[in-house]
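Trainee: I need the structure of the sequence given here:
(one chain, ligands or ions: 2)
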Amino acid sequence: MADTLHVAYITPEMVPFAKTGGLADVSAAFPKALVRLGHRVTVVLPRYGSISPPPGKLAGPVPVSVDAVPRTAGFHRTRTDAGVEVVFVEHPPFFDRSGLYGWDDDGPRFAFLARSAVEYFRARGERPDVFHAHDWQTGLVPVYLKALYWDDATLRRTPSVFTIHNVAYQGQFAADTLGMLGLPRHLGNDFALGYHGGVSFLKGGTVFAELVSTVSPTYEREIQGEEHGLGFQDVLRTRGGDVVGVLNGVDYEIWDPRKDEQIARRYTAADLDGKRACKADLLRAFGLPGSPDLPVIGIISRLVWQKGFDIVAEAWWDLLRRPVRMIALGTGDVDVQAGLAELARRAPDRFAVRFAYDEGLAHRVVAGSDMFLMPSRSEPCGLTQMYAMRYGTVPIARSTGGLVDTVEPWDPVTGRGTGFRFDHADGTGLIWAIDRALDTRRDPAGWETLMRNGMARDHSWERSAREYVSLYRRAMSMA
Ligand code: ADP
Ligand code: GLC
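Mentor: Numbering: from 1, shown residues only. Ligands and ions are numbered 1, 2, ... in the order given. Here you go, the predicted structure:
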């Protein structure tokens, strides 16, 4: 088997081009790590309206059919400084819009992404060793490969790996969608894409890929059960040992206080002075009074139910009785926003919130906070707790998914551990963990050990990228 693999990496998001969450960070950092290991990676994503002008040269067009309308895809090709090939699928009627998802025709839009990605390689007469598709938006990649290209002269028997970044987003559409997408209608049966009377693209990827992965070992176990499986557990169970959990990593070229140019002052584990400057800068940015000793708990999050902010609301009065302040940066559901806005209104000197999507400000929150809160009800992996640790910002996290795999509870006796975790998804659980953190902080030497433990953790992509390479080889041996 060839030592160097060619991976076709199909994703709806990639930093710095298009981002709604962690998948975008992963799709930039992980391909880079694969290239560093000597492999070739071609990332394919849509040319959304916000990617303007698109980088690279335009090739094509290639006819791509996903509905009754005759359509063609163009491809802008470029290569990042790190040597990752990036291909933007050009089709203005589907992608030249504001926002990434949430349109009525998301079914055909992302079927178009999946099929165009496959057609891109076919048109070039190129057969990648493996397709790696991410989340429901690319769930049809394995389906098309099996249903339409299995005997293709170029793409014959190309295997695929499908990664579920969050099982809460299942890509469900009406039952008549398949006929439209050029796929055999019988694939709508319950052993294929059929799901609760309609079809699910997430199920398509899960059933048709050679192997399925998710983004942490704990989440891999959790989603086989009812509480976290959200209806999908039975589908996953049919794949048995073909579902694996591989922990995401961090791009330390972007998230490292030693070289971060977006923070007030850079710092290291040996010299934490800069972190104090970052805290002062953060308090100013959010308009909170300066008192440097009063701890600041930072939050950066999509504001959706899964992230657990109702738990913060439940703990609110107890929180106010403690010597802490909170700073939150997020966007999302209007009701979650309204809840947080109300808390900030009640205690303006203790809690400040900014409803914005702001990459630079996110770096300042990570660097300037003392603690970092993730009260998630479910968290497939979570990246921000890993970012926080590298900045000496101590995570306080609910014990779920990737938070279990990355935040090691502080043990004052051995001096080991990187943060605090709580099991119960309620106000009492949250307050219990915050009290542990505040107690620990009363001993400055212990607290600094805890900060430095987190800063020393290595969550770089290399190890996980190697795991994925063995997964690719396993998938290749299955096709
Ligand atoms: P999820 O993908 O579920 O949102 P992750 O922790 O994997 O959770 O990734 C979230 C990513 O989005 C991180 O890079 C985080 O910094 C970023 N992020 C979330 N909300 C905001 C915001 N309002 N402004 C800037 N960055 C944000
Ligand atoms: C999803 C998950 C998040 C994970 C990210 C990257 O958005 O919600 O936990 O870190 O994908 O895999």
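
Trainee: quick check, Thr20 in contact with Glu13.
Mentor: Yes - the criterion here is CB atoms under 8 Å, and Thr20 meets it with Glu13 at 6.3 Å. In short, each C-beta sits where N, CA and C put it, glycine included.

Trainee: now the common contact residues for those two.
Mentor: Leu100 (CB atoms under 8 Å, 6 or more residues apart in numbering).

Trainee: who's more crowded, the two?
Mentor: Each of Thr20 and Glu13 has its neighbours counted (other CB atoms under 10 Å); Glu13 has more, 25 against 15.

Trainee: do you know the pLDDT at the more buried one?
Mentor: Looking at Glu13, its pLDDT stands at 98.

Trainee: quick check on Arg416: phi, psi?
Mentor: Backbone torsions for Arg416, taken as degrees, to the nearest 10, come to phi -100, psi 160.

Trainee: relative to ligand 1, how far out is it?
Mentor: Separation of Arg416 from ligand 1 (CB to the nearest ligand atom, to the nearest Å): 24 Å.

Trainee: ok, Gly182 next?
Mentor: For Gly182, the distance to ligand 1 - CB to the nearest ligand atom - is 31 Å.

Trainee: for that residue, what are its contacts?
Mentor: 65-66, 115, 148.

Trainee: please, where are all the strands along the stretch 151-300 of the chain?
Mentor: Using DSSP state E, counting those that start in this stretch, the strands of the stretch 151-300 of the chain run over residues 160-164, 172-173, 194-195, 198-200, 211-214, 243-245, 296-303.

Trainee: tell me the contacts of the residue in the stretch 151-300 of the chain that ligand 1 sits nearest to?
Mentor: Proximity of the stretch 151-300 of the chain to ligand 1 (CB to the nearest ligand atom) peaks at Ile300, 4.8 Å away. Residues counted as contacts of Ile300 (CB under 8 Å, 6+ apart) are 328-330, 362, 365-366, 384.

Trainee: swap in Phe232?
Mentor: Taking CB under 8 Å, 6+ apart, we find Phe232 in contact with 167, 170, 202-203, 206, 223.

Trainee: swap in 10 Å and give it another go.
Mentor: 164, 167-168, 170, 195, 200, 202-203, 206, 223-224 (CB atoms under 10 Å, 6 or more residues apart in numbering).

Trainee: and the residues you listed near ligand 1, which?
Mentor: Near ligand 1, taking CB under 6 Å from any ligand atom as the test, no member of these is found.

Trainee: including distance to Ile254, pLDDT and neighbour count, could these go into a markdown table?
Mentor: Output for the contacts of Phe232, formatted as a markdown table (distance: CB to CB, whole Å; pLDDT from 0 to 100; neighbours: other CB atoms under 10 Å):
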| residue | distance to Ile254 | pLDDT | neighbour count |
| --- | --- | --- | --- |
| Ile164 | 24 | 98 | 26 |
| Val167 | 27 | 97 | 24 |
| Ala168 | 26 | 96 | 17 |
| Gln170 | 30 | 97 | 23 |
| Tyr195 | 37 | 96 | 22 |
| Ser200 | 33 | 97 | 22 |
| Leu202 | 29 | 98 | 25 |
| Lys203 | 34 | 98 | 25 |
| Thr206 | 31 | 98 | 25 |
| Ile223 | 28 | 96 | 27 |
| Gln224 | 33 | 95 | 17 |
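
Trainee: near the closest residue to ligand 2 within the chain, how many other residues are there?
Mentor: In the chain, the residue that lies nearest ligand 2 is Gly22 (2.9 Å; CB to the nearest ligand atom). For Gly22, the tally of surrounding residues (other CB under 10 Å) stands at 22.

Trainee: was I right to think it contacts Thr384?
Mentor: Yes - between Gly22 and Thr384 there is a contact under CB atoms under 10 Å: 8.1 Å.
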